[in-house]
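Trainee: kindly return the folded structure for what I paste below:
(2 chains)
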Protein chains: 2
Amino acid sequence: MTKKNAVVLFSGGQDSTTCLYLAKKEYQQVFAIGFDYGQRHKKEIECATAIAKKAGVAYEVLPVPIVSMLAPNALTRADMVVDKYSEQSNRTSTPPNTLVEGRNLFFLSFAAVYAKTRGIKDIFIGVSQTDYSGYPDCRLDFVQSLQRSLRLAMEYDFEIHTPLMHLDKAQTWELAHKLGVLDIIQKDTLTCYNGVQGSGCGQCPACVLRQRGYEQFVKNHS
Amino acid sequence: MTKKNAVVLFSGGQDSTTCLYLAKKEYQQVFAIGFDYGQRHKKEIECATAIAKKAGVAYEVLPVPIVSMLAPNALTRADMVVDKYSEQSNRTSTPPNTLVEGRNLFFLSFAAVYAKTRGIKDIFIGVSQTDYSGYPDCRLDFVQSLQRSLRLAMEYDFEIHTPLMHLDKAQTWELAHKLGVLDIIQKDTLTCYNGVQGSGCGQCPACVLRQRGYEQFVKNHS
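Mentor: Numbering: from 1, shown residues only, chains lettered A, B, ... in the order given. You can find the predicted model right below:
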């Protein structure tokens, strides 16, 4: 049975694009929303616009400069250099300097008001605690807690869907393959912290994770 | 023992001004923060600025137009008329049209990042579920849930303080009296939805609650 409407948090990266196509398969109408928080790579928004057009879904970008105004980070400041990939990055307690404090907290909260205003309860976000890279607001316990907080704040039964929560990157590639969008993910998405579309710069933590996942996915199929 | 630093959510109204003076008494340094979300009465920010100066605390106003961009409401739109006070307003399930969806959710989340960036864990907010007037994000269960969400989002032990949570307006006047700031609350604060400083318009729900509380407080002292 096709469900009615859903909101998808959409950045134009691998994970949120996979979520977008998954939601599109299950829901009659999908509203993709993105956020302009002063990220250095405006190309992210260009990529997202092109993908949303191809997918045939509504896409809106909301300006939220406050998100990066509150705490300095390497994704929004030209004078900071993005940390290189570290084998320890999933385990140490020091988060990378690409951390935007409270980012998913804010994005989910904005999305919730946006959704409620349109009578929508279902919200998709492409976070994963498998490859969470030191960002605490990608984990299941946070998302579950926030779902409760959002329900109490607005007396409305939001459902936050996190279909990638327990998938590693190879499994996310596998999901894209099953959805028939492998080509779109490979060529049209932008995951790279240095702003390179498709296969990326190959150096930053996001590119390393994406590439390793792809190699594992190919190996699983050979 | 005087504690170190605290952040106070500060609008220049009766409740947050009482919180400000309470925090000032208990903490070495207090950071008051306010939010400009396009509220119709800029006078709110003028009043807050004057009170913060008198109290000798740092005060910063953060621009957050996104908060009112997401859902229409009578506090930010000139084409909507503020609902009159209703005896049922504390009991019915229909919130008043002055509701800004998710307001305290956003304000507390912004305050949390602001606080963490300065190494501060204690955050004060002047919400009360006694006089909560139909706003679900003024209640204790919401604040407790959000405290948990904020801790998980940023791996940081925030403490949200709600000293007015179980006070009615008469008791809040009593607290101001004990703090020695009755005169400041009466003359300098702005609680009125129609933007009238001090004793207010006398018609809107905020003025009716404030006035009734004051009369009860005076009666208790006679």
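Trainee: CA atoms for contacts and neighbours, from now on please.
Mentor: Fine.
Trainee: A:Val30 contacts A:Ala6, doesn't it?
Mentor: Yes: between A:Val30 and A:Ala6 there is a contact under Cα atoms under 8 Å: 5.1 Å.
Trainee: what sits in contact with each of these two?
Mentor: Shared contacts of A:Val30 and A:Ala6 (Cα atoms under 8 Å, 6 or more residues apart in numbering or on different chains): A:Ala23.
Trainee: for A:Ile33, which non-adjacent residue is closest in space?
Mentor: Once flanking residues are discounted, A:Ile33 sits nearest to A:Glu60: 4.9 Å by Cα to Cα, 6 or more residues apart in numbering or on different chains.
Trainee: got the residues of chain A near chain B?
Mentor: Proximity of chain A to chain B (Cα under 8 Å from any Cα of the partner chain) is limited to residues A:62-64, A:66, A:70-71, A:101-102, A:105-106, A:109-110, A:113-114, A:117, A:136-137, A:141-142, A:145-146, A:148-150, A:152-155.
Trainee: in strands, which of those residues appear?
Mentor: When strands are assigned by DSSP state E, the members of the residues of chain A next to chain B inside them are A:62-63.
Trainee: separation between A:Thr117 and A:Asp36?
Mentor: From A:Thr117 across to A:Asp36, the span is 20 Å (Cα to Cα, to the nearest Å).
Trainee: let me fix that: A:Pro205
Mentor: 22 Å.
Trainee: looking at A:Arg151 now. What's its pLDDT?
Mentor: A:Arg151 carries a pLDDT value of 98.
Trainee: contacting residues around it?
Mentor: A:157-158.
Trainee: now what about the longest strand seen in chain A, what contacts it?
Mentor: Scanning chain A for the longest strand, with DSSP E as the assignment, gives strand A:27-36. Strand A:27-36 is contacted from outside by A:2-11, A:20, A:23-24, A:45, A:52, A:57-65, A:107, A:111, using Cα under 8 Å, 6+ apart.
Trainee: that older thread, which one's more surrounded, A:Pro205 and A:Asp36?
Mentor: A:Pro205 (22 against 17; other Cα atoms under 10 Å in any protein chain shown).
Trainee: if we can go back for a sec, of the contacts of strand A:27-36, which belong to helices?
Mentor: Judged by DSSP state H, the subset of the contacts of strand A:27-36 located in helices is A:20, A:23-24, A:45, A:52, A:107, A:111.
Trainee: just the buried members of those?
Mentor: Among the ones in helices among the contacts of strand A:27-36, those classed as buried by 16 or more other Cα atoms under 10 Å in any protein chain shown are A:20, A:23-24, A:45, A:52, A:107, A:111.
Trainee: and for A:Phe124, the neighbour number?
Mentor: Around A:Phe124 there are 25 residues (other Cα under 10 Å).
Trainee: OK, contacts around it?
Mentor: A:Phe124 neighbours (Cα under 8 Å, 6+ apart): A:6-9, A:19, A:23, A:160-163.
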